[in-house]
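# Below is the sequence, then the predicted model.
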Amino acid sequence: MHNHNGVTSTSGIDLHSRSASASASTTTSASTTTSASTTTSASTTTNARTTAISSTKTSTNASDVNITTSFNANAASQAAAIHASHTHQHRLLLTLSLTSIVFFAEVIGSFLTNSLSLLIDAGHMLTDISVLAASTVTAILMRRRPSSKRTWGWARLEVITAAAGALILLIVGVYALVEAGMRLFGNGHQGIHDVNQLLFFGILGLAANLASLVILMSQSQDNMNMRAAFLEVMNDALGSVAVVISAIVMMSTGWAGFDALAGAIIAILMIPRALKLLKNAVKVLLEQTPEGLDLDKVREHLEHVPHVLAVHDLHASTVSTGLPIFMAHVVVDPNMTMAQCSQVLSQLQDCLREHFPVSVSHTTFQLEPEGYTTSSASEHHE
């Protein structure tokens with residue numbers, strides 16, 4: 001009985017143990033399943049967050065790339081401008097040195113020979129010296145970066161220099177015409193003292209001018225400053241040619257009046273070029289619309305951009321050579337999102353850069369929702 005009870009007791013213990021074991025196994029299994037499920041869910045959530053973070057980082061990196069690319073492009077543009085200005089400075093200094101030497105030689109020669117054509121050519125060279133000196137200073141100053149006080153730097157100085165040089169050239173040309181008339185039709189002219197000396201100084205001036213033209217020619221179209229310097233030297237070279245021809249004709253015919261005629265020819269060559277250069281400089285100083293940019297066509301083109309309802313108060317001008325600017329007020333759909341506004345701005349900027357004969361990269365647009373008004377609206381242009 002005791003053994004039976006023991007067995008029963010033992011069986012009872014075994015059954016209880018099995019039951020407990022089964023319960024524990026079930027609990028463990030459930031716990032494991034729950035844990036696995038929780039871990040999987042957490043892992044999935046974490047991966048999703050990681051993916052979102054990665055996506056954000058990718059977007060940020062793309063933005064950083066765009067910013068870096070834009071910054072590098074601007075830095076490269078500024079570096080190229082500074083390098084070009086440095087090259088201009090060296091070429092102008094070399095040309096200035098040559099011109100100054102020949103100027104003093106021609107002044108001495110004009111007194112020795114009593115030649116009007118040589119004197120006018122020397123006066124032309126003095127104009128060259130003043131323009132080249134101003135152009136050299138301009139090239140040096142243009143290398144300075146813009147500041148909060150001078151937001152365009154010294155870029156506009158090249159236009160002022162060109163205008164001053166053209167004005168001086170015009171005055172010298174008018175004087176030459178008057179003096180030539182007095183010598184041709186007056187009785188006070190004493191004639192040329194030494195034609196051989198006149199020929200020598202004419203050839204000397206021509207050689208110096210040709211050397212200067214070679215120095216400046218490769219960069220004569222870079223900006224208005226370099227163009228003004230090149231035109232000055234080219235006109236002076238033509239003047240030297242006139243002096244040489246004058247000397248040869250006088251040696252062949254003995255007619256001293258040809259010297260005054262040569263002086264008048266030099267003046268006639270000078271005046272139209274001076275007027276053209278002065279006209280171009282004044283256009284920039286008066287902030288006229290860049291030549292080749294029709295604002296009516298620009299307005300029409302911009303108003304075809306999606307979400308743009310109207311364009312008004314358009315302004316376009318040139319700061320210096322190669323730097324046109326444009327600004328306008330653009331009326332847009334008032335229900336636009338910021339993303340749509342950004343897209344419209346990009347399209348407007350692309351229009352000015354790519355669709356017109358004058359590519360304008362520096363643009364400013366003021367986006368206005370339809371119905372917007374301001375107290376200064378009456379001051380705006382149509």
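That came through, no problem.

# C-alpha only now, for contacts and for neighbours.
OK.

# A helix includes residue 326, no?
No: counting by DSSP: H, G, I helix; E, B strand; the rest coil, residue 326 is located in no helix; its state is strand.

# State the distance from it to residue 160.
Using CA to CA, to the nearest Å, we find residue 326 at a distance of 21 Å from residue 160.

# again with residue 360
Distance from residue 360 to residue 160, counting by CA to CA: 22 Å.

# same thing with residue 110?
As defined by CA to CA, residue 110 lies at a distance of 31 Å from residue 160.

# same deal with residue 308?
39 Å.

# The longest strand seen in the chain - which strands sit beside it in the sheet, and in what orientation?
Using DSSP state E to define each element, the chain has its longest strand at strand 308-318. On the basis of DSSP bridges, the sheet neighbours of strand 308-318 come out as strand 324-332 (antiparallel).

# starting at the chain centroid, how far to the strand it pairs with?
19 Å (CA atoms, centre = their mean, to the nearest Å).

# And that strand, what's buried?
324, 325, 326, 327, 328, 329, 330, 331, 332 (16 or more other CA atoms under 10 Å).

# what sits against the first one?
Think residue 324. Neighbouring residues of residue 324 by CA atoms under 8 Å, 6 or more residues apart in numbering: 290, 316, 317, 318, 359, 360, 361, 362.

# which residue packs closest to it, ignoring adjacent ones?
Counting by CA to CA, 6 or more residues apart in numbering, residue 318 is the residue found nearest to residue 324 once chain neighbours are left out, at 4.2 Å.

# I'd like the mean pLDDT over stretch 360-371, please.
Here stretch 360-371 scores 91 as its mean pLDDT.

# any residues touching it, and which ones?
Residues contacting stretch 360-371 (CA under 8 Å, 6+ apart): 309, 323-334, 345, 349, 352-353.

# try stretch 170-180
Taking CA under 8 Å, 6+ apart as the rule, stretch 170-180 contacts 116, 120, 123-124, 260-261, 263-264, 266-268, 270-271, 274-275.

# Just the buried ones out of the contacts of residue 324, please.
Buried among the contacts of residue 324 (16+ other CA under 10 Å): 290, 316, 317, 318, 359, 360, 361.

# Give me the distance between the last one and residue 350.
With distances taken as CA to CA, residue 361 is found 9 Å from residue 350.

# swap in the first one?
Distance from residue 290 to residue 350, counting by CA to CA: 18 Å.

# Same check on the fourth one?
Counting by CA to CA, the gap between residue 318 and residue 350 amounts to 19 Å.
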